[in-house]
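*Asks:* sequence first, then the predicted structure:
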Amino acid sequence: MTRSDLAIIGAGPAGMAAAAQAAELGLCVTVLDEQPRAGGQIYRDVDRVAPLRGDILGAEYTYGATLTASLKHSAITHLAGAIVWAIEDQFRISYTRDGRGAQLDADHVLLATGALERPMPLPGWTLPGVMTAGAGQILLKQSGVLARDAVLVGSGPLLYLIAAQMVRAGTPPKAMIETQTRSDFISAAQHMGGALRGWRYLAKGLKMLASITRAGVPRYTSATDIAVQGTDKAEAVSFISNGHTQRITCDTVFLHHGVVPNVQAARSLGIAHTWDAAQQCFVPKRDEWGQSDKEGVFIAGDSAGIGGAKAAEYAGTLAALQIAFAAERLTREDRDRCAAKLRAKLAHEQAARPFLDAAYPPYAQALLPDDSTVICRCEEITAGDIRGYAKLGCIGPNQTKAFGRAGMGPCQGRYCGLSVTALLADARGQTPDETGYYRIRPPLKPVTLSELAGMEVTTPDAVH
């Protein structure tokens with residue numbers, strides 16, 4: 001059994017920044033992350049990939065190498081390939097690594113588990129050839145693979161980023177089918193002041209749009225009734241855009257309509273969550289330092305609410321300052337002095353977020369899909385099944401497990417949870433807060449008996 005002053009779950013921008021700050025203040029830090037190399041999704045595999053494809057992925061991606069370098073601090077142990085499957089009281093963390101189980105005790109825990117791409121259940125989304133836009137970006141980052149003539153579907157800045165990267169890679173998308181409407185932008189206008197304060201976001205977006213336009217990529221906005229067509233694989237996308245029925249042939253479709261916090265670990269600890277109407281998801285309750293309602297557990301980055309990579313970095317550093325203060329490694333005065341500059345940077349970074357949330361909302365027809373659309377891919381449960389359970393008296397997501405096993409597959413509700421909540425809330429005339437979410441219990445990820453039988457009792461080799 002090993003012990004650390006601080007255990008950080010996740011080696012994305014929030015986790016890496018927190019680790020660096022905590023180590024500089026004298027704390028012994030262990031960072032556990034599922035990936036073989038640090039970076040999270042936004043900076044995935046940056047140390048290896050930046051020299052190979054940095055010109056395609058851009059300067060904001062290659063910046064991540066400055067954060068991964070900070071993990072080389074002597075007070076930081078980075079356990080790559082560590083899959084955390086339980087966090088118990090008094091902060092005993094159970095995980096598997098290299099096919100063996102292990103445990104770690106910590107005085108404080110920081111959850112920096114990042115975000116998940118919001119599922120976009122629509123007709124045909126389970127066909128081969130259909131994947132999330134984030135998955136397509138992973139292929140580019142890690143393998144240099146890009147689909148030719150792919151169609152991008154959905155809304156949000158990530159679609160433009162991926163399209164621009166595809167253009168730079170010489171394989172521009174065949175088309176972009178976007179669901180945001182003119183009304184969405186009119187609604188977002190009330191947040192224009194914040195958008196102008198966060199003008200770098202707007203400038204970056206305009207630059208990406210300009211490159212997409214120069215490449216001649218067709219864009220269809222206000223899209224509704226979107227369906228992926230095909231028998232054994234994706235063959236085309238049909239939709240209605242501004243009153244006109246369209247059909248685009250393709251064999252690859254990238255879906256995206258936002259990202260949501262990965263709350264599984266926080267839920268497993270019983271941390272309270274509330275519904276964020278602007279981002280259409282649940283977020284954990286926490287204070288200005290990221291402290292949750294469970295003493296000693298902090299949450300930072302996109303796992304606490306979607307804000308982006310730089311905001312995650314600042315939030316992680318703020319959490320580390322408070323943890324160091326609680327561990328008596330930092331005075332209140334020094335904590336507050338350091339925090340003041342960070343809070344100013346964080347506020348500037350978050351200024352444009354309300355505008356982006358309003359201008360690029362999730363695709364409404366995917367939030368409440370038609371009855372025939374599968375929403376729980378693991379157990380092949382449809383939206384109509386969930387509505388049927390509600391008519392039979394099902395009152396919440398946990399009860400759907402008894403009615404039809406929704407949320408009981410390998411993903412343990414990560415990808416169907418919000419859909420189940422939305423469908424039940426709509427059917428019962430309730431709010432998402434009233435309807436609730438799945439009750440998450442360990443193991444957070446599948447663990448085998450052989451991994452438990454091989455439980456290590458000594459410190460695993462650190463990966464730096």
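*Replies:* Thanks, I have it.

*Asks:* show me where the stretch 1-150 of the chain has its strands.
*Replies:* Secondary structure of the stretch 1-150 of the chain by DSSP state E, counting those that start in this stretch: the strands cover 2-9, 29-33, 76-80, 83-88, 92-97, 100-111, 115-117, 130-132.

*Asks:* save those strands as CSV, and put in mean neighbour count, distance to residue 146 and mean pLDDT too.
*Replies:* All C-beta atoms are positioned from the backbone trio N, CA, C, and that covers glycine. CSV is the format used below for these (neighbours: other CB atoms under 10 Å; distance: least, CB to CB, whole Å; pLDDT from 0 to 100):
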stretch, mean neighbour count, distance to residue 146, mean pLDDT
strand 2-9, 24, 31, 95
strand 29-33, 27, 26, 98
strand 76-80, 22, 26, 97
strand 83-88, 20, 29, 95
strand 92-97, 22, 32, 95
strand 100-111, 22, 33, 96
strand 115-117, 23, 18, 95
strand 130-132, 22, 12, 96
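
*Asks:* figure out which of those is closest to residue 441.
*Replies:* strand 83-88 (9.0 Å; CB to CB).

*Asks:* counting contacts, what elements does the closest one pack onto?
*Replies:* Judged by 3 or more CB pairs under 8 Å, 6 or more residues apart in numbering; DSSP states H and E, strand 83-88 is in contact with strand 92-97, helix 264-268.

*Asks:* got a list of contacts for the last one?
*Replies:* Looking back up the chat, that one is helix 264-268. 9, 84, 86-87, 111, 113, 273, 284, 292, 297, 299, 303, 412, 414, 437-442, 444 (CB atoms under 8 Å, 6 or more residues apart in numbering).

*Asks:* now do the buried residues in the helix or strand following it.
*Replies:* Sequence order places strand 273-276 as the next helix or strand after helix 264-268, per DSSP states H and E. Going by neighbour count (16 or more other CB atoms under 10 Å), the buried part of strand 273-276 is 273, 275, 276.

*Asks:* let me know the closest of those residues to residue 320.
*Replies:* For the buried residues of strand 273-276, the nearest to residue 320 is residue 273 (23.1 Å; CB to CB).

*Asks:* wait, the closest one sits on residue 436?
*Replies:* No: with contact defined as CB atoms under 8 Å, residue 273 does not count as touching residue 436 (9.1 Å).

*Asks:* so which elements touch the helix or strand containing residue 334?
*Replies:* In this structure, residue 334 is located in helix 332-350 according to DSSP H and E. Here helix 332-350 touches helix 309-326, going by 3+ CB pairs under 8 Å, 6+ apart.

*Asks:* relative to strand 100-111, how tilted is the helix it packs on?
*Replies:* Calculated by axes from the mean of the first three to the mean of the last three CA atoms, to 10 degrees, helix 309-326 forms an angle of 90 degrees with strand 100-111.

*Asks:* which strands and helices sit next to helix 309-326?
*Replies:* Where contact means 3+ CB pairs under 8 Å, 6+ apart, helix 309-326 is packed against helix 13-24, strand 100-111, strand 297-299, helix 332-350.

*Asks:* if we use 6 Å, what do you get?
*Replies:* Secondary-structure packing of helix 309-326 (3 or more CB pairs under 6 Å, 6 or more residues apart in numbering; DSSP states H and E): helix 13-24, helix 332-350.

*Asks:* could you list the buried residues of the helix holding residue 334?
*Replies:* Here helix 332-350 shows 335, 338, 339, 342, 346, 348, 349, 350 as buried, counting by 16+ other CB under 10 Å.

*Asks:* what's the local residue count around the closest residue to the fifth one other than its chain neighbours?
*Replies:* Once its chain neighbours are removed from consideration, residue 346 has its nearest residue in residue 314; the separation is 4.3 Å (CB to CB, 6 or more residues apart in numbering). Applying other CB atoms under 10 Å, we find 26 residues neighbouring residue 314.

*Asks:* so residue 314 touches residue 345, yeah?
*Replies:* Yes: if you go by CB atoms under 6 Å, residue 314 and residue 345 touch, sitting 5.4 Å apart.

*Asks:* returning to that earlier point: residues in contact with the residue nearest to residue 346?
*Replies:* By CB atoms under 6 Å, 6 or more residues apart in numbering, the contact set of residue 314 is 342, 345, 346.

*Asks:* considering those residues, which is situated nearest to residue 260?
*Replies:* Nearest member of these to residue 260, counting by CB to CB, is residue 346, at 20.2 Å.

*Asks:* return the per-residue confidence for the closest one.
*Replies:* Residue 346 is assigned 96 on the pLDDT scale.

*Asks:* any idea how far the closest residue to residue 86 other than its chain neighbours lies from residue 210?
*Replies:* In space, and not counting its chain neighbours, residue 86 is closest to residue 442: 3.7 Å by CB to CB, 6+ apart. Per CB to CB, to the nearest Å, residue 442 is found 48 Å from residue 210.

*Asks:* who has more neighbours out of these two?
*Replies:* When neighbours are counted by other CB under 10 Å, residue 442 comes out ahead of the other of residue 442 and residue 210, with 14 against 11.

*Asks:* right, so of the strands of the stretch 1-150 of the chain, which gets closest to residue 361?
*Replies:* strand 115-117 (15.5 Å).

*Asks:* mind giving me the packing neighbours of that closest one?
*Replies:* Short answer (3+ CB pairs under 6 Å, 6+ apart): strand 115-117 packs on strand 259-261.

*Asks:* who does the strand it packs on pair up with?
*Replies:* strand 115-117 (antiparallel) (DSSP bridges).

*Asks:* what count of nearby residues applies to residue 393?
*Replies:* Neighbour tally, residue 393, other CB under 10 Å: 9.

*Asks:* mind checking the SS state of it?
*Replies:* Under DSSP: H, G, I helix; E, B strand; the rest coil, residue 393 falls in the coil class.

*Asks:* nearest the geometric middle of this protein, what residue?
*Replies:* Closest to where the C-alpha atoms of the chain average out (CA atoms, centre = their mean) is residue 115, at 1.5 Å.

*Asks:* test my guess that it contacts residue 258.
*Replies:* No: using CB under 6 Å, residue 115 makes no contact with residue 258, being 9.2 Å away.

*Asks:* contacts only, for the residue nearest to residue 443 when sequence neighbours are not counted.
*Replies:* Closest residue to residue 443 apart from its sequence neighbours, by CB to CB, 6+ apart: residue 85 at 3.9 Å. Under the criterion of CB under 6 Å, 6+ apart, the neighbours of residue 85 are 94, 443, 444, 445, 447.

*Asks:* kindly report the same for residue 271.
*Replies:* For residue 271, counting by CB under 6 Å, 6+ apart, the contacting residues are 284, 292, 294.

*Asks:* count of neighbours near the last one?
*Replies:* This points to residue 294. 19.

*Asks:* with the first one instead?
*Replies:* Here the count is done by other CB under 10 Å, and residue 284 has 24 residues near it.

*Asks:* pLDDT at residue 349, what is it?
*Replies:* The model's pLDDT for residue 349 equals 92.

*Asks:* which residues does it contact?
*Replies:* For residue 349, the contact set (CB under 6 Å, 6+ apart) comprises 310, 311.
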